[in-house]
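Engineer: model the following, please.
(chains A and B)
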Amino acid sequence: MGNKKTLNYAKYGYIFSIPFVVAYLIFNFYPVINTFLIAFSDLKGAKTDFNLLTGDIFANFKSVIHNDLFIKAFKNTIKLWVCNFIPQMAVALLLTAWFTDTRSKVKGQGFFKVVFYMPNIITAATIAILFSTLFACPVGPMNDLLKTFHFIDKPVPFLDKPNVAQNIVIFIQTWMWFGYTMITLISGVIGIDPAIFEASEMDGANRIQTFFYITIPCIRTIMLFTLVTSLIGGLNMFDIPKLFITNSGPDYATYTTSVFIQKRAFEGTYIKNEAAAASLIMFIIIVVCSAVIFYLLRDKDEVAAKKLRKQALKQAKLAKGV
Amino acid sequence: MGNGKVKLSEKAQKLEKVRLVIIYIVCAILTVLCLAPFWIMIVNATRSTTAIQQHAISLIPSTYLKSNWDVFEGKDFHPFVGFFNSAIVSTFSTMLAVYFSSLTAYAITVYEWKLRDAFFSVIMGVMMIPAQVTMIGFYQMAFKLGWTNQLFILIIPAIASPMMVFFMRQYLQGALSHEIIQSARIDGAGEFYTFNKIVLPIMKPAIATQAIFSFVSSWNRLFEPMVLISAKEKQTLPIMVSLLKGDIYKTEYGSIYLGLTLTVLPLIVVYLILSKYIVAGVALGSVKG
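Structural biologist: Below you'll find the model as predicted:
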């Protein structure tokens, strides 16, 4: 009787999953397949129907890889991500070390957390345009500020310089994300057993030693998690580069792969097949990078977990034997 | 930590004080960096273009809000239309996402069915697929079916939100006891009734957190509406913001700042009210993840 009941209930598992599955198939799975097919098709320009390529089926992928603009966009994307991730992580780690210090408490942490996280919640589109207005020339607050303090005599056209434009985008990304990373890391540190810190204090470890030899190894998993999510977000960076400077600025300084894909597919010449190929290339890169990072991360934990399991098994056997 | 405290020498105490001062100075600088752009934006929204041209930074609001607002009239910029569209899209997509993610998470957590583990693995796997990969195929489909320029196309896909299913499942595993469901069954409650009337209330804390994040991310979304919506009367706020960059505003600085302020004012207000829960939610999500 009991068995029959569970069997009856099992069907609800399927029934309750139906809306998700149907919506997923229609709005995600089918579109992904569609993108995949388009990448191997002749869909471009004013065409609305497509045929799969017959001759060189990888033609679209080849023309993307040989496209200088895509290479440029790819290099930019990597540069923008790496240069924002490192300072972002550094600032977040420093603040984490300060805020989680058990020897002297920093007051007003709640306030600082709320303020530091705020840029992350604001519409990226608005932030992009706000910053391009702040750095505008000749009438921009940044120019006004520098002039008031006599750092410059004449307004500087910040956004006309490729390097400066890139650095501002990097700054915006760091500024938007350091609060998030900080809160994430702090929550990781709070999860560490306080006894470990007490023990290290008793052993006479100073702050810096405690932080590097105890805190960081303990939050390694969370740091790697942050790394992966930041990588995925970074390689898909769109809103800020798209809107910060019209047409990606001087010398395509802020042109990213996502902007490349969007422009190819939905603006000007509508070369959808190449855009689809580019999006698949980026997807493969993301999957490979995440897989590598996850593999490096999983290895150690899994080994440790296996060891524990074996030990537990042994003990269980011993207990049974007794 | 009282018992672990060692008595510090005078010199060490002094160093400790210096250290704290440095910490507060750095935090103060970061606070200014985080708030100044928004403050400049809000203040400049109330200043006249001439005043901004002379000095782009001022800490004191002025009285030109109305005249900056009037500039929009002639420029075909309708913040309220964008506001309305964004509100509709964000509200309904959040409701769908929260309800159906809870339902799916419930199906995965409570029932034992054959494909359950496979299904969950798939959900975990597809969390990584970025919108850029789906969008070209999605647009092609929507275009064929005549679904472009309709708000529902931005709403319905929220039914399948893999990330949220993942978080809801994590929560349910900790918060739900099978005895409650069992006793509901004995009382003769149907499974659907049990979910709606008993399980959903239990999930309230998780639903609140996820709803906030879902709403904000939907409100901020740029890529999907940019591709799918071209009709002016259907545009959402982020798209409207992108219009502010056009040449027609080149000399109307006050209005640009006002337009920007209007798009984020609701967010800032909501954030200041709910900031405690939001910060807690960020911390929670990361530990669980």
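Engineer: CA only for contacts and neighbour counts going forward, please
Structural biologist: Fine.
Engineer: host element of residue 38?
Structural biologist: You didn't pick a chain, so chain A it is. Taking DSSP states H and E as the definition, one finds A:Ile38 inside helix A:30-39.
Engineer: my question was about chain B, not that one.
Structural biologist: B:Phe38 is located in helix B:10-45, with elements delineated by DSSP H and E.
Engineer: can you pull out the helices in the stretch 151-289 of chain B?
Structural biologist: The residue ranges that make up the helices of the stretch 151-289 of chain B, judged by DSSP state H, counting those that start in this stretch, are B:152-155, B:162-175, B:178-186, B:191-193, B:200-202, B:204-220, B:223-228, B:237-243, B:253-288.
Engineer: if we can go back for a sec, who touches the helix holding A:Ile38?
Structural biologist: Helix A:30-39 is contacted by residues A:50, A:52, A:60-61, A:272-277, A:280, B:133-138, B:140-141 when judged by C-alpha atoms under 8 Å, 6 or more residues apart in numbering or on different chains.
Engineer: if any of these are buried, give me the ChimeraX selection for them.
Structural biologist: Under the burial definition 16 or more other C-alpha atoms under 10 Å in any protein chain shown, those of the contacts of helix A:30-39 that qualify are selected in ChimeraX by:
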select /A:60,61,272,273,274,275,276,277,280 /B:133,134,135,136,137,138,140,141
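Engineer: quick one: mean pLDDT over the helix holding A:Ile38.
Structural biologist: Averaged across helix A:30-39, the pLDDT comes to 94.
Engineer: check stretch B:141-160 too.
Structural biologist: Rounded to a whole number, the mean pLDDT of stretch B:141-160 is 93.
Engineer: span of that stretch from start to end?
Structural biologist: End-to-end distance for stretch B:141-160: 17 Å, by C-alpha to C-alpha, to the nearest Å.
Engineer: and stretch A:61-74, how far out from the chain's middle?
Structural biologist: Its chain's average C-alpha position is 22 Å from that of stretch A:61-74, according to C-alpha atoms, centre = their mean, to the nearest Å.
Engineer: is that stretch in proximity to chain B?
Structural biologist: No. Using C-alpha under 8 Å from any C-alpha of the partner chain, no contact is recorded between stretch A:61-74 and chain B, whose separation bottoms out at 14.4 Å.
Engineer: low-confidence bits of the chain, can you list those?
Structural biologist: Since no chain was named, I'll use chain A. A:1-7, A:298-303, A:305, A:317-322 (pLDDT under 70).
Engineer: if you could check chain B rather than the one you did, that'd help
Structural biologist: Per-residue confidence of chain B (counting by pLDDT under 70) places the weak regions at B:1-8, B:246-250, B:285-289.
Engineer: what residue lies at the spatial centre of it?
Structural biologist: When chain B is reduced to its mean C-alpha position, the closest residue under C-alpha atoms, centre = their mean turns out to be B:Val216, at 1.8 Å.
Engineer: before we move on, what about chain A?
Structural biologist: Judging by C-alpha atoms, centre = their mean, chain A has its centre closest to A:Ser230, at 2.3 Å.
Engineer: mind listing the helices for the stretch 51-200 of chain A?
Structural biologist: Taking DSSP H, counting those that start in this stretch, the helices of the stretch 51-200 of chain A run over residues A:59-65, A:68-99, A:109-121, A:124-134, A:141-148, A:162-190, A:194-202.
Engineer: among those helices, which is nearest B:Gln170?
Structural biologist: Of all those, helix A:162-190 sits nearest to B:Gln170, with 16.9 Å by C-alpha to C-alpha.
Engineer: any idea of the angle that closest one forms with helix A:124-134?
Structural biologist: Regarding helix A:162-190 and helix A:124-134, their directions subtend 130 degrees when assessed with axes from the mean of the first three to the mean of the last three C-alpha atoms, to 10 degrees.
Engineer: and helix A:162-190, what's buried?
Structural biologist: Of the residues in helix A:162-190, those with enough neighbours to count as buried (16+ other C-alpha under 10 Å) are A:162, A:165-189.
Engineer: ok, A:Phe40 touching A:Asp56?
Structural biologist: No. Counting by C-alpha atoms under 8 Å, no contact exists between A:Phe40 and A:Asp56, whose distance comes to 9.3 Å.
Engineer: out of these two, name the residue with the larger neighbour count.
Structural biologist: More neighbours surround A:Phe40 than the other of A:Phe40 and A:Asp56, with 23 against 9 (other C-alpha atoms under 10 Å in any protein chain shown).
Engineer: and that one, how far is that from chain B?
Structural biologist: A:Phe40 sits 12 Å away from chain B, taking C-alpha to the nearest C-alpha, to the nearest Å as the criterion.
Engineer: enumerate every residue touching that residue.
Structural biologist: A:Phe40 sits next to A:Leu52, A:Leu53, A:Ile57, A:Phe58, A:Ala59, A:Asn60, A:Asn273, A:Ala277 when contact means C-alpha under 8 Å, 6+ apart.
Engineer: can you do 6 Å?
Structural biologist: Applying C-alpha atoms under 6 Å, 6 or more residues apart in numbering or on different chains, we find A:Phe40 in contact with A:Leu52, A:Leu53, A:Ile57.
Engineer: what's around residue 88, how many residues?
Structural biologist: Went with chain A since none was named. By other C-alpha under 10 Å, neighbour count at A:Gln88 equals 23.
Engineer: oops, chain B please
Structural biologist: Here the number of neighbours of B:Ile88 (other C-alpha under 10 Å) works out to 17.
Engineer: can the helix or strand harbouring it be said to contact chain A?
Structural biologist: Remark: B:Ile88 resides in helix B:79-110, with elements defined by DSSP H and E. Yes. Where contact is defined by C-alpha under 6 Å from any C-alpha of the partner chain, part of helix B:79-110 touches chain A, namely B:Thr104, B:Ala107.
Engineer: show me what the helix or strand just after that helix is in contact with.
Structural biologist: Past helix B:79-110, further along toward the C-terminus, the next helix or strand under DSSP H and E is helix B:116-126. In this structure, residues lying in contact with helix B:116-126 by C-alpha under 6 Å, 6+ apart are B:Pro162.
Engineer: and what of stretch A:113-125?
Structural biologist: Contacts to stretch A:113-125, defined as C-alpha under 6 Å, 6+ apart, come from residues A:Met176, A:Gly179, A:Tyr180, A:Asp239, B:Asn220, B:Pro238.
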